[in-house]
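Colleague: coords please:
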Amino acid sequence: MKTDQISRRHFFYGSLLAGAVPAAGFGSVASLKRLGYKSPNEKLNYAAIGAGGKGYSDILGCRTENLVAMADPDEKRAEQAFKRFDKIPRYKDFRQMFDKEGKNIDAVIVSTPDHMHGTAAHWAIARGKHVYCQKPLVRTVWEAQELMKAARKHGVATQMGNQGYSNEGARQACEIVWNGDIGNVTEVHAWTNRPLKYWPQGPDVIPKKEPVPPTLDWDVWLGDAEPRPYSSAYCPHNWRGFPEFGCGAIGDMACHILGTPNMALRLGGLSSVECIQQEGKGKYTFPQRALIRFDFPARGSMPPVKVFWHDGMERQPEFEGVPKGELLGDSDVNGSLFIGDKGMLTTGCYGERTRLVPASKMADYTLPPPLLTRSPGHYRDWIRACKGGDPACSNFDVAAPFVSWMLLGVIAMKYEGLLQWDATKMQFTNNKDANRWLKPKFRKGWKFA
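Modeller: Numbering: from 1, shown residues only. Predicted coordinates for the structure are as follows:
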């Protein structure tokens, strides 16, 4: 692109654009002197907290490095990993793993149910370990802020597991928006088919007391949650629908689908949030379907924007000016739509399939030249940071502010009406009761340490 065109883009967004492309990457750099330098050719010794399900795929995602320990309270769930890595020390309780293996561990992957992300990650950071933590990072705003502060204090490299942040299409979407090609974005819609066909939520879901399987340490699985009888309604998979353990569809998919809008529009410090529609509200679970609106004030030269989150969608939403079926196929009901005053832009779940809307506009369109660095892959991005490279793209300086506003949508489902938010004081101003959900309660022995 010609020099005058580059200047126009910088003039259009001014310092906001400059802040979107930090010279050293996406966040603070780990303190190599404190942690001990590892060259790019030297392998990390990493441990896995959670070895089954997503934990297993996270282990495989880091297979270029040395797995030195695993902790999972559910032997059945972790069976595949335990068999494949049968020589690696295994534990049910990650606290015991740190006691016995801590000196051998450089970094930790946290792939537990949501309610234990914060505690497990903080235990690792406090011991000087780099951390890759699955989305949605944590369950509460307080935990997100504490993890960010701890990572800065201990100088560790971090990454949240929202792999769309490393996607080429996500970066292209940012550059299209920053180039002014769809004008000022004032509205964003993001949608998912979760929880439909993935886990049960709603009035029919009632956890019933059952015998604890012999392969499960139920007390360790509960971790910092309040004690309760075991039920297969919670474990091993459907915990996501229960507020005590998960964050519903927001926790599962919003970190992915809203990741591109968060990056492109520099979201943060919202002014209000409201659950404007719910269907199938359950006594024990999140509703079957919800529509939530997040309101953000102007950010630099970017105007105020409304972000709408649609979950429980059987098919993609319909929008004025968008030909039916043009956004995404019905077999993959996950995506987002940016609505600007000059045009529209759509992306897939992880920022893939980025394109202008209608699709005919792509025929003669040339993508703007890259402004953001390209990722070597989400795991490799973190591993490189652990070894002294640029900070990972979704490190906790980036991820914590993102989830801090996103998780307010989880709270909004508990109340009728608009919740006004003070981004400076980090509290709701018109509903004191809602503030009690900003920080979790910890069971004895499971506090941040």
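Colleague: only C-alpha atoms from now on, for both contacts and neighbour counts.
Modeller: OK.
Colleague: show me the shaky parts of the protein.
Modeller: Within the chain, the stretches with pLDDT under 70 are 1-38, 328-332.
Colleague: quickly find the element holding L356.
Modeller: Counting by DSSP states H and E, the element that carries L356 is strand 355-357.
Colleague: so what strands line up beside that strand?
Modeller: Counting by DSSP bridges, the strands paired with strand 355-357 are strand 344-348 (antiparallel).
Colleague: distance from the strand it pairs with to the middle of the chain?
Modeller: 19 Å (Cα atoms, centre = their mean, to the nearest Å).
Colleague: which residue ranges form the strands in the stretch 251-400 of the chain?
Modeller: Secondary structure of the stretch 251-400 of the chain (DSSP state E, counting those that start in this stretch): strands located at 272-279, 289-296, 305-311, 334-340, 344-348, 355-357.
Colleague: of all those strands, which one is nearest Q163?
Modeller: strand 344-348 (12.6 Å; Cα to Cα).
Colleague: what's the angle from the closest one to strand 334-340?
Modeller: 160 degrees (axes from the mean of the first three to the mean of the last three Cα atoms, to 10 degrees).
Colleague: residues contacting strand 344-348, please?
Modeller: 169-170, 173, 182, 257, 327-328, 334-339, 353-358 (Cα atoms under 8 Å, 6 or more residues apart in numbering).
Colleague: same question, stretch 118-132
Modeller: Taking Cα under 8 Å, 6+ apart as the rule, stretch 118-132 contacts 35, 49, 94, 102, 105-110, 133, 137-139, 143-144, 147, 150-151, 154-161, 224, 382, 386, 446-449.
Colleague: show me the residues you listed that map onto strands.
Modeller: Residues of the contacts of stretch 118-132 located in strands (DSSP state E): 49, 107-110, 133, 158-160.
Colleague: what are the buried residues along the strand holding L356?
Modeller: 355-357 (16 or more other Cα atoms under 10 Å).
Colleague: return the closest of those with respect to D219.
Modeller: When these are compared against D219 (criterion: Cα to Cα), the nearest one is R355, at 47.9 Å.
Colleague: how much space between the closest one and N162?
Modeller: 21 Å (Cα to Cα, to the nearest Å).
Colleague: what do you get for L137?
Modeller: 9 Å.
Colleague: of those two, which one has the most company?
Modeller: L137 (31 against 26; other Cα atoms under 10 Å).
Colleague: return the residues in contact with the more buried one.
Modeller: 114, 117-118, 144, 160-161, 399-400, 403.
Colleague: among the residues you listed, name the buried ones.
Modeller: Counted by 16+ other Cα under 10 Å, the contacts of L137 give 114, 117-118, 144, 160-161, 399-400, 403 as buried.
Colleague: which among these gets closest to D204?
Modeller: Looking across the buried ones among the contacts of L137 and measuring by Cα to Cα, the closest to D204 is D114, at 22.7 Å.
Colleague: narrow the contacts of L137 to those in helices?
Modeller: 117-118, 144, 399-400, 403 (DSSP state H).
Colleague: rewinding a little: could I get the strands of the stretch 251-400 of the chain as JSON lines with distance to W123?
Modeller: Below are the strands of the stretch 251-400 of the chain laid out as JSON lines (distance: least, Cα to Cα, whole Å):
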{"stretch": "strand 272-279", "distance to W123": "32"}
{"stretch": "strand 289-296", "distance to W123": "32"}
{"stretch": "strand 305-311", "distance to W123": "32"}
{"stretch": "strand 334-340", "distance to W123": "34"}
{"stretch": "strand 344-348", "distance to W123": "35"}
{"stretch": "strand 355-357", "distance to W123": "42"}
